[in-house]
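Visitor: Sequence first, then the predicted structure:
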Amino acid sequence: MHRAKRGRLTVAIAAAVLITAASTAAQAAPLIINGSFESGFTSWSRLDQLGSEGTFGLQTGTTSPISGSTVPAPAGGAFAAMTDALGPGSHVLYQDFLVPIGTTSGTLSFDVFVGNRAGTFFTPITLDFSTPALNQQARVDIIATSANAFSVAPGDILATLFTTPVGSPAVTGYNTITANLSALLAANAGQTLRLRFAEVDNVNLFQFGVDRVSLDASTATIPEPATLTLVGLGICGLWGRRRRSRQP
């Protein structure tokens with residue numbers, strides 16, 4: 001290869017290596033805090049519709065928090081979050097999270113237990129327990145933080161991750177649900193979103209257990225201006241060295 005072409009190739013390769021080292025590293029970070037409820041409801045918010053019986057409580061062992069129904073032990077650790085009541089109600093558990101700038105991928109995982117003592121589901125498009133319509137269902141969504149916490153309006157829901165349609169098993173063990181949220185997170189980088197667990201019942205008792213919630217996102221490291229300056233100086237230095245080596 002001609003010496004001049006070989007010199008230009010060397011500089012180009014060195015520049016590419018410097019730029020790649022400065023800008024392509026990826027970082028992974030958990031976006032949900034206290035997903036196993038070992039610190040109680042720290043970082044979580046609980047809401048109950050006005051007039052509801054019961055709430056999301058901490059469940060441990062094999063009995064539900066209020067009614068004492070037999071339920072499976074938490075999926076991980078000593079505690080899970082679980083709705084329970086002695087009467088009808090509508091209950092929400094949520095956590096807001098900030099999507100980092102530069103997010104390239106993300107995976108959500110959680111375990112849910114369903115204990116629908118009515119034996120069947122009724123699924124009107126509402127989380128209102130006080131309507132005349134029978135309403136016995138649970139769901140998991142990502143919604144806008146500007147929305148009412150009990151909203152199921154299509155414009156408020158960014159992703160639905162779990163539902164209990166008519167015909168679903170009325171009572172289950174803890175099952176793991178996993179969802180790839182890469183496209184959603186990338187489209188909402190820099191925004192705060194809300195992960196919501198919701199349950200409503202006006203037919204019979206309903207325990208809805210939640211455990212081992214995790215949301216991990218990977219981001220591409222964006223080089224700071226000082227880093228880009230150093231890369232530029234390095235390239236200039238390589239080019240200057242090549243020019244000096246050519247002088248007699």
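Guide: That came in fine, so what should we check first? Residues are numbered from 1 along each chain as shown.
Visitor: domain assignment for the chain?
Guide: 3-23+224-246, 26-220 (automatic domain parsing).
Visitor: any chance of the ones you listed in JSON lines, with mean pLDDT and mean neighbour count too?
Guide: To be clear about C-beta, it is placed using only N, CA and C from the backbone, and glycine gets the same treatment. Putting these into JSON lines (pLDDT from 0 to 100; neighbours: other C-beta atoms under 10 Å) gives the following:
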{"stretch": "domain 3-23+224-246", "mean pLDDT": "46", "mean neighbour count": "13"}
{"stretch": "domain 26-220", "mean pLDDT": "97", "mean neighbour count": "18"}
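Visitor: which residue ranges form the helices in this structure?
Guide: Here the chain has its helices, by DSSP state H, at 3-23, 182-187, 225-246.
Visitor: so what does the second one touch, helix or strand wise?
Guide: Pointing back at helix 182-187 there. strand 103-116 (3 or more C-beta pairs under 8 Å, 6 or more residues apart in numbering; DSSP states H and E).
Visitor: okay, the strand it packs on in PDB with CA atoms only?
Guide: Extracted in PDB, the C-alpha atoms of strand 103-116 (Å, rounded to 0.1, in the frame of the first residue of the first chain):
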ATOM      1  CA  THR A 103     -32.600   5.000  26.700                       C
ATOM      2  CA  THR A 104     -32.100   2.300  24.000                       C
ATOM      3  CA  SER A 105     -33.900  -0.700  25.700                       C
ATOM      4  CA  GLY A 106     -35.800  -1.700  28.700                       C
ATOM      5  CA  THR A 107     -37.500  -4.800  30.200                       C
ATOM      6  CA  LEU A 108     -40.300  -4.900  32.800                       C
ATOM      7  CA  SER A 109     -40.900  -8.000  35.000                       C
ATOM      8  CA  PHE A 110     -43.300  -8.600  37.800                       C
ATOM      9  CA  ASP A 111     -45.100 -11.500  39.600                       C
ATOM     10  CA  VAL A 112     -48.900 -11.400  40.100                       C
ATOM     11  CA  PHE A 113     -51.300 -13.600  42.000                       C
ATOM     12  CA  VAL A 114     -55.100 -13.600  41.300                       C
ATOM     13  CA  GLY A 115     -57.500 -14.700  44.000                       C
ATOM     14  CA  ASN A 116     -61.000 -14.000  42.500                       C
END
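Visitor: and the residue lying closest to Ile32 once chain neighbours are set aside, what are its bridge partners?
Guide: With sequence-adjacent residues excluded and distances taken as C-beta to C-beta, 6 or more residues apart in numbering, Ile32 is closest to Leu215, at 4.5 Å. Counting by DSSP bridges, Leu215 is bridged to Leu108.
Visitor: ok, now how distant is Leu215 from Trp44?
Guide: As judged by C-beta to C-beta, to the nearest Å, Leu215 and Trp44 stand 13 Å apart.
Visitor: same check, this time on Thr219
Guide: 24 Å.
Visitor: again with Gln95
Guide: For Gln95, the distance to Trp44 equals 5 Å [C-beta to C-beta].
Visitor: With Phe129 instead?
Guide: 21 Å.
Visitor: circling back to that earlier point, can you verify my assumption that the residue nearest to Ile32 contacts Ala28?
Guide: No - using C-beta atoms under 8 Å, Leu215 makes no contact with Ala28, being 11.1 Å away.
Visitor: which residue is nearest the middle of this structure?
Guide: Leu215 (4.0 Å; C-alpha atoms, centre = their mean).
Visitor: dump the residue contacts of that one.
Guide: Listed by C-beta atoms under 8 Å, 6 or more residues apart in numbering, the contact partners of Leu215 are 30-32, 35, 97, 106-109, 181, 195.
Visitor: Equivalent analysis for Ser214, please.
Guide: Contacts for Ser214 (C-beta under 8 Å, 6+ apart) come out as 30, 32, 35, 108-110.
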